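> predicted model, plus sequence, below.
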Amino acid sequence: MNESMDFLLWTRGTAFDVAVAIFVVGILIRLFEIISLGRAANLAAPKGSEFLPGMKTILTRTLPEGGTFKRQPLTILAGYLFHIGLLVSLLLFIPHIELFRETFGFGWPGLPNPIVDAAAVLGIVGLLAALWNRLTNPVMKLLSDKEDYLVWVLTFLPLLTGYLAYHRMINPYPLAMGLHILSIELLLVLFPFTKLMHTFTLFLARWYNGAMSGRRGVES
Amino acid sequence: MSKATLERGLNAFREQVDAPVAAFFSSCVSCGICAEACLFYTETGDPKYTPIRKLEPLRRVWEQEYTLVGKLKKVVGLAAPVTDELLQEWQELLYDSCTLCGRCSMVCPVGNDIAYMVRRAREGMVASGNSPKDVQAAAERAVRIGSPMGIKYKALAAQVKHIEADSGLTIPIDVEGADYMPLLSSMEVINFPEYIESLARIFTHAGLSWTLCSEAFEATNTGIQIGSSDIARELVQRIVDGAEKLKVKYVIAPECGHAYTSIRWEGPDLIGKPFPFKVLHILELLDELRASGRIKTENPSHERMTFHDPCSIGRKGGVIDAPRRLMQMVNSNFVEMQDHGKWNWCCGGGGGVSANTEAEALRLKVFKRKKNQIEETGADKLVTACANCRLVIEEGLEEYRVELPIEGLTELVARHLVEDK
């Protein structure tokens, strides 16, 4: 019991601080790497503006367009399922919000536990479907490299350990919590240096895409 | 040009990585959705044609040169290098199976503009000597002779004389101080001289002052297609010089997709300064003349017609509504293809593909998409606004034994002008 308690305290203490520091500094480095490259000035007379079309594309790309859903329903469904499951579990689970409130002094309302529990299950199912898709869909199979599978594992572990801890399926409880926190630390440490960065860079990518099209008078 | 080498190629790839490229590569999660927007994948089912995969050489350069982890991987020998073999293998993917149509850039969930990156990756391919021989030869002709098809001004002058004699119209050449200077594509000079006659008819009808320029009539730009900014710059400069010499107010891009991209969007960036004249696509000009009442048409045809959007003019150029308004003006039975406007499917021959004989079999195969799209409309005639699309579609329909007349929209409008009394 004591050993697992020590483990939990370590994951909640030093390990957590180190992981968050790497996460924050790493993301800043990556964003700097990208933005500092800049882009050449555009000298052609514009047909439309850049800023608003860019912002609009940030929103519109959240929904599939152009017959994509019909052609790749599994990719789209699994994608929505695990992203929503993940975000609900992360941001609307009351203990998570309480942790945030303790650290930063403010929080927001959460959802009742059974709903978050269901979301976590859907998230896990979505991730499993996404993995199956990646292993069997010929396009995804060819595109995927080790990193794609690594980020799958990094995303899956926090959901899985969180689910197991919540349902007391690992004993003793401090060990379950410790494993859950450790899996999140692993995610945080590797986040800036893997494709998980898309969480942030997609805003840049979508904006550039929408802005470059907007300039030419096209809605992307 | 200096000799193409791997080292020059790598330098060119490096120079092409900007903030958008870095943001795009950082965001890709290998979801494969871009494949579904690409006719080279949908018509072959071969995953190697997945758009984002075509960028592997550029991706490696980005990762190894511009990311912390990539640099570390390179130091410890864990990074896969860009080699001559890789670039040779990727030539088919970056040229034969990409028309720069930009449809993939419209569906990517994280917002990657893949066509933007293919255009840039081609710079590295040219510099490393891995571009298709036919397109290289066309680029060489464009620089040396003045046109990718080897057409000199003499050929145009002969056509002009011919048209003037047949139609009784005047085609002004090198008139200083004219307002409008239309450009042509070699294909129009050789295959579709009707376009030149239509221009004469329209300008005369509208009472506008215009002129062709004997030193700058060719609008196509092989440098844009093959991915050589050096060549592209030289070809754009010729047009700018011609237009400045004649002091025209407007340069009019012809019915040619990439020519519009080249002169309208990339041109000023290539020569490093804004143009002293405005650039309009011929359809934009026609639409303006329609709106201001400068051109009047009569007897709209009742034939069932559909319109093929050239990718560079529609999805990538923003000229989408103008052709619809013009179609409505001269045709009472206009039908849209199911995916049209910014969602249109490419004819399969853009981005230099139609000039590349190595790509021919594949191009005819993937034309199936366009063929089906056209057939679904039940149209009796196809109208478009790009001489290259037109030839590629004619060839494709012939391959699939479909008989369907095709006409350029400018020509169609010119045929319906109210006869001058």
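It's in.
> remind me which residues of the stretch 301-421 of chain B are low pLDDT?
Low-confidence segments of the stretch 301-421 of chain B (pLDDT under 70): B:420-421.
> again with chain B
Within chain B, the stretches with pLDDT under 70 are B:1-2, B:420-421.
> so what's the residue in the stretch 151-300 of chain B that chain A sits nearest to up against?
Using Cβ to the nearest Cβ, B:P268 is the residue of the stretch 151-300 of chain B that sits closest to chain A, at 3.6 Å. Yep, even glycine has a C-beta here, placed from its N, CA and C like the rest. When contacts are counted by Cβ atoms under 8 Å, 6 or more residues apart in numbering or on different chains, B:P268 touches A:43-45, B:274-275.
> and the strands in the stretch 101-250 of chain B?
Ranges of strands in the stretch 101-250 of chain B, per DSSP state E, counting those that start in this stretch, are B:180-182, B:250-253.
> mind putting those strands in a markdown table, mean neighbour count included?
What follows is the strands of the stretch 101-250 of chain B, written out as a markdown table (neighbours: other Cβ atoms under 10 Å in any protein chain shown):
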| stretch | mean neighbour count |
| --- | --- |
| strand B:180-182 | 24 |
| strand B:250-253 | 24 |
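> okay if I get those strands as JSON lines plus distance to chain A?
As requested, the strands of the stretch 101-250 of chain B are exported to JSON lines (distance: least, Cβ to the nearest Cβ, whole Å):
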{"stretch": "strand B:180-182", "distance to chain A": "17"}
{"stretch": "strand B:250-253", "distance to chain A": "12"}
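> format those strands as TSV; extra columns: distance to A:L77.
Output for the strands of the stretch 101-250 of chain B, formatted as TSV (distance: least, Cβ to Cβ, whole Å):
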stretch	distance to A:L77
strand B:180-182	51
strand B:250-253	43
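> for the residue most central in space within chain A, which non-adjacent residue is closest in space?
Most central in chain A under Cα atoms, centre = their mean is A:T199, positioned 5.4 Å from the mean C-alpha point. Nearest-residue entry for A:T199: A:F191, 7.8 Å, with adjacent residues in sequence omitted and distances by Cβ to Cβ, 6 or more residues apart in numbering or on different chains.
> state which helix of chain A is the longest.
If each helix of chain A is counted by residues according to DSSP state H, the longest one is helix A:113-136.
> so what touches it?
A:74-75, A:77-86, A:88-89, A:92-94, A:110-111, A:140-141, A:144, A:148-149, A:152, A:155-156, A:159-160, A:162-163, A:166, B:30.
> whichever of the residues you listed end up buried, select them in PyMOL.
Selecting in PyMOL just the buried members of the contacts of helix A:113-136, where the criterion is 16 or more other Cβ atoms under 10 Å in any protein chain shown, is done with this command:
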select buried, (chain A and resi 75+78+79+81+82+83+85+86+88+89+92+93+110+111+140+144+148+152+155+156+159+160+162+163+166) or (chain B and resi 30)
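> mark which of the contacts of helix A:113-136 are part of helices, please.
If you go by DSSP H, these have A:74-75, A:77-86, A:88-89, A:92, A:94, A:140-141, A:148-149, A:152, A:155-156, A:159-160, A:162-163, A:166 in helices.
> check the residues you listed one by one and keep those near chain B.
Within the set of the ones in helices among the contacts of helix A:113-136, contact with chain B (Cβ under 8 Å from any Cβ of the partner chain) is found for A:75, A:79, A:140-141, A:148.
> for those, work out which two are farthest apart.
In terms of Cβ to Cβ, those reach their longest pairwise distance at A:G79 and A:K141, which sit 16.6 Å apart.
> for chain A, give me the ranges with low pLDDT.
Within chain A, the set of residues satisfying pLDDT under 70 comprises A:1, A:66.
> ok, B:E140 - how many residues close by?
Other residues within reach of B:E140 by the criterion other Cβ atoms under 10 Å in any protein chain shown amount to 14.
> distance check, it against chain A.
B:E140 sits 27 Å away from chain A when distances are taken as Cβ to the nearest Cβ, to the nearest Å.
> now do B:P20
4 Å.
> from what I see, that residue and B:Y116 are in contact.
Yes: contact status for B:P20 versus B:Y116: in contact at 6.7 Å, counting by Cβ atoms under 8 Å.
> what touches both of the two?
Taking Cβ under 8 Å, 6+ apart as the contact rule, the neighbours common to B:P20 and B:Y116 are A:M212.
> tell me the SS of A:M212?
For A:M212, the reduced secondary structure class is helix; criterion used: DSSP: H, G, I helix; E, B strand; the rest coil.
> check contacts around residue 106.
Because you didn't say which chain, this covers chain A. For A:F106, the contact set (Cβ under 8 Å, 6+ apart) comprises A:F100.
> correction: the question concerned chain B.
With contacts taken as Cβ under 8 Å, 6+ apart, B:M106 has the following neighbours: A:65-66, A:220, B:37, B:315, B:342-343.
> and B:P20 and B:Y116? Which one has more around it.
Neighbour count, other Cβ under 10 Å: between B:P20 and B:Y116, B:P20 has more, with 25 against 21.
> just the element for the closest residue to that one other than its chain neighbours, please.
Setting aside the residues directly before and after it, B:P20 is nearest to A:Y208 in space (Cβ to Cβ, 6+ apart), at 4.1 Å. Secondary-structure assignment from DSSP states H and E places A:Y208 in helix A:198-215.
> same check on B:F40?
With elements delineated by DSSP H and E, B:F40 resides in helix B:39-42, which encompasses its position.
> counting contacts, what elements does that helix pack onto?
Under the contact criterion of 3 or more Cβ pairs under 8 Å, 6 or more residues apart in numbering or on different chains; DSSP states H and E, the helices and strands touching helix B:39-42 comprise helix B:360-366, helix B:368-377.
> for these, which one sits closest to chain A?
Of all these, helix B:368-377 sits nearest to chain A, with 12.1 Å by Cβ to the nearest Cβ.
> buried sites along that closest one?
Residues of helix B:368-377 classed as buried by neighbour count (16+ other Cβ under 10 Å): B:368-371, B:373-374, B:377.
> so who does the residue lying farthest from the centre of chain A touch?
What lies farthest from the middle of chain A is A:A45; by Cα atoms, centre = their mean that is 38.3 Å. In this structure, A:A45 makes contact with B:268, B:274-275, B:278-279, judged by Cβ under 8 Å, 6+ apart.
> would a markdown table of these with distance to B:G352 and secondary structure be doable?
Compiled in a markdown table, the contacts of A:A45 are given as follows (distance: Cβ to Cβ, whole Å; DSSP: H, G, I helix; E, B strand; the rest coil):
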| residue | distance to B:G352 | secondary structure |
| --- | --- | --- |
| B:P268 | 22 | helix |
| B:P274 | 27 | coil |
| B:F275 | 24 | coil |
| B:K278 | 27 | strand |
| B:V279 | 22 | strand |
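> which of those count as buried?
Applying a neighbour-count criterion of 16+ other Cβ under 10 Å, the buried members of the contacts of A:A45 are B:268, B:275, B:279.
> redo the residues you listed as a markdown table? Include distance to A:G13.
Below are those laid out as a markdown table (distance: Cβ to Cβ, whole Å):
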| residue | distance to A:G13 |
| --- | --- |
| B:P268 | 58 |
| B:F275 | 63 |
| B:V279 | 64 |
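> element containing the residue of the stretch 301-421 of chain B found nearest chain A?
Of all residues in the stretch 301-421 of chain B, the one sitting closest to chain A is B:G318 (3.0 Å; Cβ to the nearest Cβ). For B:G318, there is no enclosing helix or strand under DSSP H and E.
> ok so, going back, what's around the residue nearest to B:P20, how many residues?
If you count neighbours by other Cβ under 10 Å, A:Y208 ends up with 24.
> from B:V353, how far off is it?
26 Å (Cβ to Cβ, to the nearest Å).
> do the same with A:T103
The spacing between A:T103 and B:V353, counted by Cβ to Cβ, is 56 Å.
> which ones are touching the residue nearest to A:T199?
Contacts were defined as Cβ under 8 Å, 6+ apart; by that measure A:F191 touches A:23, A:26-27, A:154, A:197, A:199.
> with A:H96 instead?
If you count contacts by Cβ under 8 Å, 6+ apart, A:H96 has them with A:89-90, A:110.
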